[in-house]
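Q: Got a predicted structure here, sequence first:
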Amino acid sequence: MSDQIAIPAVFMRGGTSKGLLFHKKDLPQDKKTLSKFLLKIMGSPDLRQIDGMGGGTSVTSKVCIISKSLKKNIDIDYFFAQVEVNRSHVDFEPTCGNMLSAVAAFSIEEGLVKPVNGNTNVSVRSVNTGSLIEILVPTPNAKVIYDGNHKIDGVPNGGAPLFLRFLKLEGVKTGKLFPTNELVTKINEVQVTCIDLSTPMVIAKASQFGISGKENSSELNKNFKLLQKIEKVRKSAALKMGMGDVKGKVLPKFCLVSKAQNDGNISSRYFTPYSCHETHAVTGTLCLSGASLIPGTIPYKLSNKNSSFEKKIIKIEHPLGVIECNVKVHQNFKKNILNKKEVIISCGIYRTCRKIMNGNVYVLKKINSM
């Protein structure tokens, strides 16, 4: 008899992230026990995650836990877990927008959503944030396809495009679109915009942190003085946002913005928050895109207001290319800005995904008694 427990899992890429997808029924329901399982499965804490499925980076150490939703008119409940790489911690506060593309494909292939010939709509509730997402999945002949020509920067090959439309984005964690009740707040002598749109985020000018905003993620991750300053401002901002002491937590996220270098609207270096993302998180993209449209915010002042901006399509330049977001604003947009609520109706973005492995992962039986 084996001394390990086999747990069914699917290993997938979703957007520019990668991780494991599970049925909720196959994992422990208690968060403490669940955390023990996920740390062992991913191989944390260890920078290489050599004894698990993790890839040694935050974007490759993700877990999605899926179940049929009990909510009316919603197909799937999606519970996300960010497994820390180098410490024994699993964060259940954030969500991952990139992995949502994988969640939708998984849900169809696993029989949780019935596909139709053409495109199948999958409605998802983020258990972590309460936000709602509608995902349009290409399903010719009522089958999920992964091959296609749609390219997203940060992924070397093309794929079939899935359209993700995010709803009910405002105040998902703090209850307010602008948690400090200001468009710009002074934190430790630095001007920042604190906004909660799909995820709470602190946005500042790159120049105020001594960088140009053109640097790649590797350069920035070696700049320990920069990372220390970011964390100091982030923790102080979190207190003003009503989020308390966020030491050791990944929310709020942080990004440094500058003027676009090419044909984008704005350039961003997004922090997760303890390292710079190689590309840009989807939730961070939604947040920054929405903020870029709101007069008075820091990103609005830096944005290149070209034709795509007027059409509410925001192009964010990141270290490996560009990510686009289609933003739908409220019909009373200008009036509602004064009230700082009911400003952004939805944000849409295209992603691709791919199934990599389907099988079992294993943990030692003795983990239950640890």
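A: That came in fine, so what should we check first? Numbering: from 1, shown residues only.
Q: Hmm, Ser61 and Val85 touching each other?
A: Yes. Between Val85 and Ser61 there is a contact under CB atoms under 8 Å: 5.4 Å. (Each C-beta comes from the backbone N, C-alpha and C, glycine too.)
Q: which one of those two has more residues nearby?
A: Ranked by neighbour count (other CB atoms under 10 Å), Val85 and Ser61 place Ser61 first, with 26 against 23.
Q: OK, contacts around that one?
A: By CB atoms under 8 Å, 6 or more residues apart in numbering, Ser61 lies in contact with Gly19, Met42, Ser44, Gln49, Gly54, Gly55, Gln82, Val83, Glu84, Val85.
Q: which one is Pro179 nearest to, not counting chain neighbours?
A: Using CB to CB, 6 or more residues apart in numbering and skipping the chain neighbours, the partner closest in space to Pro179 is Met241 (3.8 Å).
Q: OK, contacts around the one you found?
A: Met241 is in contact with Thr174, Pro179, Thr180, Cys194, Asp196, Pro200, Pro252, counting by CB under 8 Å, 6+ apart.
Q: that older thread, closest one to Phe106 out of the contacts of Ser61, please.
A: Phe106 lies nearest to Gly19 out of the contacts of Ser61, by CB to CB, at 11.0 Å.
Q: in a strand, that's where that closest one is, yeah?
A: Yes. Applying DSSP: H, G, I helix; E, B strand; the rest coil, one finds Gly19 inside a strand.
Q: in the sheet, who's paired with it?
A: On the basis of DSSP bridges, Gly19 is bridged to Met12, Lys62.
Q: got a list of what it touches?
A: Neighbour list for Gly19: Phe11, Met12, Thr60, Ser61, Lys62, Val63, Cys64, Cys96, Met99, Ala102 [criterion: CB under 8 Å, 6+ apart].
Q: cutoff 7 Å now
A: By CB atoms under 7 Å, 6 or more residues apart in numbering, the contact list for Gly19 reads Thr60, Ser61, Lys62, Val63, Cys64, Met99.
Q: nearest residue to the fourth one other than its sequence neighbours?
A: The spatial neighbour of Val63 that comes closest, neighbours along the chain excluded (CB to CB, 6+ apart), is Ala81 at 4.2 Å.
Q: that older thread, going by neighbour count, which of the contacts of Gly19 comes out on top?
A: When neighbours are taken as other CB under 10 Å, the top entry among these is Met99 (29 neighbours).
Q: Work out for me the element the residue most central in space within the chain sits within.
A: For the chain, Cys96 is the residue whose C-alpha lies nearest the centre (CA atoms, centre = their mean; 3.4 Å). Assigned by DSSP states H and E, Cys96 falls within no helix or strand.
Q: next one: stretch 158-175 to chain centre, how far?
A: Put simply, stretch 158-175 sits 9 Å off its chain's centre (CA atoms, centre = their mean, to the nearest Å).
Q: In that stretch, which residues are buried?
A: Within stretch 158-175, the residues scored as buried using 16 or more other CB atoms under 10 Å are 159-174.
Q: likewise stretch 199-210?
A: Neighbour counts over stretch 199-210 (16+ other CB under 10 Å) mark Thr199, Pro200, Met201, Val202, Ile203, Ala204, Lys205, Ala206, Phe209 as buried.
Q: next one: stretch 298-307
A: Neighbour-count burial for stretch 298-307, counted by 16+ other CB under 10 Å, picks out Ile298, Pro299, Tyr300, Leu302, Ser303, Asn304.
Q: Give me the number of neighbouring residues for Lys253.
A: Burial of Lys253 is recorded as 22 neighbouring residues (other CB under 10 Å).
Q: again, but for Gly130
A: Neighbour count of Gly130, defined by other CB under 10 Å: 12.
Q: May I have the residues that are in contact with the closest residue in space to it that isn't next to it in sequence?
A: Spatial nearest neighbour of Gly130, chain neighbours left out: Val172 (6.1 Å); criterion: CB to CB, 6+ apart. Counting by CB under 7 Å, 6+ apart, Val172 touches Thr129, Gly130, Ser131, Asp196, Ser198, Thr199.
Q: Can you work out which residues contact both of Val85 and Ser61?
A: By CB under 7 Å, 6+ apart, Val85 and Ser61 have these common neighbours: Ser44, Gln49, Gly54.
Q: Pull out the buried residues from those residues.
A: Buried among those (16+ other CB under 10 Å): Ser44, Gln49, Gly54.
Q: quick revisit: so when I look at the residue nearest to Gly130, I'm seeing a helix, right?
A: No. Per three-state DSSP, Val172 lies outside any helix segment and is coil.
Q: and the gap between it and Thr285?
A: 15 Å (CB to CB, to the nearest Å).
Q: rewinding a little: looking at the contacts of Val172, spot the one nearest Ser236.
A: Of all the contacts of Val172, Asp196 has the smallest distance to Ser236: 16.5 Å, by CB to CB.
Q: Excluding chain neighbours, what is closest to the closest one?
A: In space, Asp196 is closest to Thr174, 4.6 Å off (CB to CB, 6+ apart).
Q: Now do the strands in the stretch 1-150 of the chain.
A: 4-14, 17-23, 62-68, 76-83, 90-91, 118-126, 132-139 (DSSP state E, counting those that start in this stretch).
Q: out of the ones you listed, nearest to His280?
A: Closest approach to His280 among the strands of the stretch 1-150 of the chain (CB to CB): strand 17-23, 11.2 Å.
Q: and the angle from the closest one to strand 62-68?
A: On the basis of axes from the mean of the first three to the mean of the last three CA atoms, to 10 degrees, strand 17-23 is oriented at 30 degrees to strand 62-68.
Q: No further questions, thank you.
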